[in-house]
Each structure stands twice: as structure tokens, then as C-alpha cells.
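sequence plus predicted model, see below.
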Amino acid sequence: MNTVPSVDNAFDEVVEAIAERGIGIFPRFLDAPRVAALHQDFAALPAWQLTPAGIGRDQHQHTNKRIRTDKTRWLEGDSPARRDYLALMAGLQQQMNRQLFMGLKDYECHYALYQPGDFYKKHLDAFRGRGNRRLTTVVYLNEDWRPADGGDLLVYPEKGKAVLHRVLPEAGTLVCFLSEQFPHEVLPARRERLSIAGWFRIDDPVAPAVLL
């Protein structure tokens with residue numbers, strides 16, 4: 001019978017995947033209580049706190065509905081569910097640095113809400129050697145997601161147009177990959193789709209994602 005892995009085992013699996021392939025997909029990385037707590041935390045947010053997703057950050061940020069149409073809310077440790085999630089990611093960061101010497105110094109993340117029809121075109125989170133994002137994480141919070149609901153994450157190899165991974169945004173699944181290496185996109189969803197997208201960084205400022 002498949003069970004939810006312990007945190008230490010889950011971290012070891014992520015480290016091993018990044019070391020060997022640069023990418024890993026981990027169903028049930030978040031257990032059901034964590035998924036439920038985060039989903040409830042998101043549902044309690046006032047609508048005005050969700051803003052159209054931008055490309056880049058700070059003075060470089062702008063919106064472009066031809067590239068992405070989701071809405072986001074950056075996470076800080078201002079609720080129990082968010083503090084728990086950030087602590088979990090801090091543990092993963094520590095493990096990455098201890099075993100792979102990645103030099104990760106910071107983590108940032110946001111809720112990403114895709115309403116029916118929303119998408120994010122193919123892009124890289126950072127260009128090799130030109131950005132400070134080193135490791136991307138995406139965790140899904142969608143119960144009972146089916147292939148007909150759309151919203152798949154497509155991940156491509158560094159070179160080539162063939163799809164390397166097609167990921168259903170099922171609750172608890174973590175996708176983790178090297179930010180400079182894997183172009184990816186989100187296909188239009190047919191129902192509301194919720195995730196937490198995050199990036200482990202090595203320094204400031206944040207470089208914008210680049211459309212391909």
C-alpha cells in the first residue's frame with residue numbers, strides 16, 4: 001500500500017532526483033491535512049489580495065495577458081498554514097545545501113490561482129548564469145483533479161520541443177527542478193486550479209522569468 005513518505009525520506013528523494021536528473025515529481029509530498037490547511041488558508045483571503053500575475057519583480061514587473069493570466073498572492077509567515085509550509089521548505093533548503101552544496105540563501109513563493117481558461121505560456125524561470133533563481137518548486141492543492149480538467153504542467157528538456165513531463169495538478173504533488181534548465185508552461189484549466197509556486201534563490205534582486 002502506498003503511504004505518505006516521512007519528511008526526511010521525502011527530502012532525500014528530492015535531493016536524489018535533483019542530483020541525478022535535475023527534476024523530480026513527487027505525488028503525496030504534502031499530506032492531506034497540510035493540503036486542507038493551505039486550501040482553507042487560501043479560501044480565507046480577501047479577493048482584493050489576489051492580483052494579476054506579473055512577469056519579473058519590483059521595477060521590472062509588468063503584466064501581459066498574452067503570456068499569463070493567473071492571479072497570485074505572495075506568502076509570508078502570517079498564518080499557521082503558511083508558517084508550516086515555509087518551515088517545510090526551509091528544511092528542504094537545508095537538505096539541498098548540506099548534500100548538494102547549492103548555496104541556496106532564500107525562498108520565496110506565492111499562491112497561484114488559475115480560473116477556467118487561465119494559462120501561462122512556455123517560459124524559463126531564469127536564464128543560465130543570468131538569474132538568481134536556482135531551484136523551482138510547485139505544489140498543488142487540487143482535490144479530485146482529473147485529466148479532463150486540463151491545467152497540466154508541461155515540462156520540456158533544455159533543448160528540444162518534445163514534452164519531457166506532463167503533470168496533472170493533483171493535491172499534494174510536488175514538482176521540483178533546476179530553474180535555469182527546464183522550460184515549462186501551464187495549459188488552460190477547465191476548473192479552478194490552485195498551486196504554490198516557489199523559488200530557492202542565491203542572491204538579490206530577482207530576475208524575471210523569460211518567455212520562450
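Cool, got the structure.

residue 200 sits in which helix or strand?
Using DSSP states H and E, residue 200 sits in strand 193-201.

and stretch 150-161, how far apart are its ends?
Separation of the first and last residues of stretch 150-161 by Cα to Cα, to the nearest Å is 20 Å.

list the buried residues for it?
Neighbour counts over stretch 150-161 (16 or more other Cβ atoms under 10 Å) mark 150-153, 155-156 as buried. The way it works is simple: take the backbone N, C-alpha and C, and place the C-beta from them, glycine included.

just the strands in the protein please.
Using DSSP state E, the strands found in the chain span residues 23-26, 51-52, 71-74, 106-114, 120-124, 133-140, 153-155, 165-167, 174-178, 184-186, 193-201, 210-211.

any low-confidence regions in the chain?
Scanning the chain for pLDDT under 70 picks out the ranges 1-6, 8, 54-65, 127-130, 204-212.

check it and tell me which residue is nearest its centre.
Central residue of the chain (Cα atoms, centre = their mean): residue 138, 2.1 Å from the mean position.

quick one on the thing from earlier: the strand holding residue 200 packs against which elements?
When contacts are defined as 3 or more Cβ pairs under 8 Å, 6 or more residues apart in numbering; DSSP states H and E, strand 193-201 sits against helix 32-43, helix 80-100, strand 106-114, strand 133-140.

and it, how far from the chain's centre?
Strand 193-201 sits 3 Å away from the centroid of its parent chain (Cα atoms, centre = their mean, to the nearest Å).

can I get it in CSV, CA atoms only?
What follows is strand 193-201, C-alpha atoms only, in CSV (Å, rounded to 0.1, in the frame of the first residue of the first chain):
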residue,chain,number,x,y,z
ARG,A,193,-6.7,25.4,-10.2
LEU,A,194,-4.6,26.3,-7.1
SER,A,195,-0.9,25.8,-6.5
ILE,A,196,2.0,27.3,-4.6
ALA,A,197,4.9,28.3,-6.9
GLY,A,198,8.2,28.9,-5.2
TRP,A,199,11.9,29.5,-5.9
PHE,A,200,15.1,29.0,-3.9
ARG,A,201,17.5,31.8,-4.6
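
what pairs with that strand, parallel or antiparallel?
Using DSSP bridges, the strands paired with strand 193-201 are strand 106-114 (antiparallel), strand 133-140 (antiparallel).
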